[in-house]
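> Sharing a sequence plus its predicted fold:
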Amino acid sequence: MAKLLNNNHLLLSTPPHVRVSASPGRTSFSALRFLSFNCFPSLQQSSSDSDFHGQRIVPQFQFGVKNPRTGSLQASSAQMSLTIGKAQKWWEKGIQPNMREISSAQDLVDSLLSAGEKVVIVDFFSPGCGGCRALHPKICQIAEMNPDVQFLQVNHEEHKSMCYSLNVHVLPFFRFYRGAHGRLCSFSCTNATVKKFKDALAKHTTDRCSLGPPKGLEEKELLALASNKDLSFNYTPNPVQPSPTPALEIIAALQPTPSNLEFPLPYTSKATEDTQQQKVLSTNIGR
């Protein structure tokens, strides 16, 4: 092995503790470790100090090429390639086409308004929540069996301020929305109480139609997001239209009050007056 390295002009000094296998084309683990940590000093840095930010580094070595005719190992330039593998996060595993992560408050509002009559489930989770991690595989299975339902994931750690404005303080937490009905229900459940989630899904995915445009978040939630200085979200509340006054109220307002009414005196004709006088005279004579 040392001869192969010298022929390729590699200025390496193998210390006594490095063991090189005598089998052609094989290098012991201690030799690989020595080469990786002495030929590439940057690999000795900790994950927090390096530029790889904790990603796994897999060194791959190639010291020779086997001759297809003779089967012997021919000397070639020693090569080393670094394969940087990105470990998949648990909330990224099993994701279905109808599942996606929310990037901002504006993204959440727009996603709810553009969903139309489709049922939208907002899933609030945290990377450090054990209950969220245990429940995630079942949520992915449910999303696969319900392709017409939109699942929106909200990372509590990345959007903590937004979750506070939406009064989300317990995890895992879910909110169901649909069309003009707006929010249908909200609750927290775990892996042990996932039946609560399935029952709500069966109840609100029944065929029905809600007239009017989608509501999405409630008015007070939109105002809370707009007043949050940590969020770049703007919202202009709709002006409140005065309710029309019923016609009966208008008529009653135009009528005069009883205190202003003037009642006419009773009308008495001349003939009636003469008759009454005669009755009075005849009564007096009879006495």
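Happy to help now that I have it.
> what's residue 185 in contact with, if anything?
Residues near residue 185 by C-beta atoms under 8 Å, 6 or more residues apart in numbering: 175-176, 200, 204. In this view, the C-beta of every residue, glycine as well, is placed from N, C-alpha and C.
> ok, of those residues, which one's closest to residue 122?
Minimum distance to residue 122 across those is 4.5 Å, recorded for residue 175 (C-beta to C-beta).
> what's the helix or strand in which the closest one is found in contact with?
Secondary-structure assignment from DSSP states H and E places residue 175 in strand 173-178. Strand 173-178 is contacted from outside by 112, 115, 117-124, 183-189, 197, 200-201, 204, 210, 214-216, using C-beta under 8 Å, 6+ apart.
> Let's see which of the residues you listed end up in strands.
Among those, DSSP state E puts 119-124, 183-188 in strands.
> ok, now how distant is residue 144 from residue 110?
According to C-beta to C-beta, to the nearest Å, residue 144 and residue 110 sit 25 Å apart.
> Repeat that for residue 96.
Applying C-beta to C-beta, the value for residue 96 to residue 110 is 21 Å.
> Just want to know which of those two has more residues nearby.
Per other C-beta atoms under 10 Å, whichever of residue 96 and residue 110 has more neighbours is residue 96, with 17 against 13.
> what secondary structure does that one sit in?
Secondary structure, DSSP: H, G, I helix; E, B strand; the rest coil: residue 96 is coil.
> I'd guessed it sits against residue 146; true?
No. Residue 96 is beyond contact range of residue 146, at 9.3 Å (criterion: C-beta atoms under 8 Å).
> what distance separates the start and the end of stretch 184-193?
End-to-end span of stretch 184-193 (C-alpha to C-alpha, to the nearest Å): 19 Å.
> Could I get the buried residue list for it?
Using 16 or more other C-beta atoms under 10 Å as the test for burial, stretch 184-193 gives 184, 186, 188-191.
> Dump these into CSV; add pLDDT and distance to residue 90 as well.
CSV is the format used below for the buried residues of stretch 184-193 (pLDDT from 0 to 100; distance: C-beta to C-beta, whole Å):
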residue, pLDDT, distance to residue 90
184, 95, 28
186, 96, 24
188, 96, 19
189, 95, 18
190, 93, 16
191, 92, 14
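> wait, which of the residues you listed is closest to residue 220?
Within those, proximity to residue 220 (C-beta to C-beta) peaks at residue 186, which comes in at 14.0 Å.
> so who does the closest one touch?
Residue 186 is in contact with 173-176, counting by C-beta under 8 Å, 6+ apart.
> Looking at those residues, which is nearest residue 106?
residue 175 (17.4 Å).
> Mind listing the residues bridging to the closest one?
residue 122, residue 186 (DSSP bridges).
> Out of the contacts of strand 173-178, which end up buried?
For the contacts of strand 173-178, buried by 16+ other C-beta under 10 Å: 112, 115, 119-124, 183-184, 186, 188-189, 197, 200-201, 204, 214-216.
> ok so, going back, any idea of the angle the strand holding residue 175 forms with strand 182-188?
Interaxial angle of strand 173-178 relative to strand 182-188 (axes from the mean of the first three to the mean of the last three C-alpha atoms, to 10 degrees): 160 degrees.
> pLDDT on strand 173-178, on average?
Taken as a whole, strand 173-178 has a mean pLDDT of 97.
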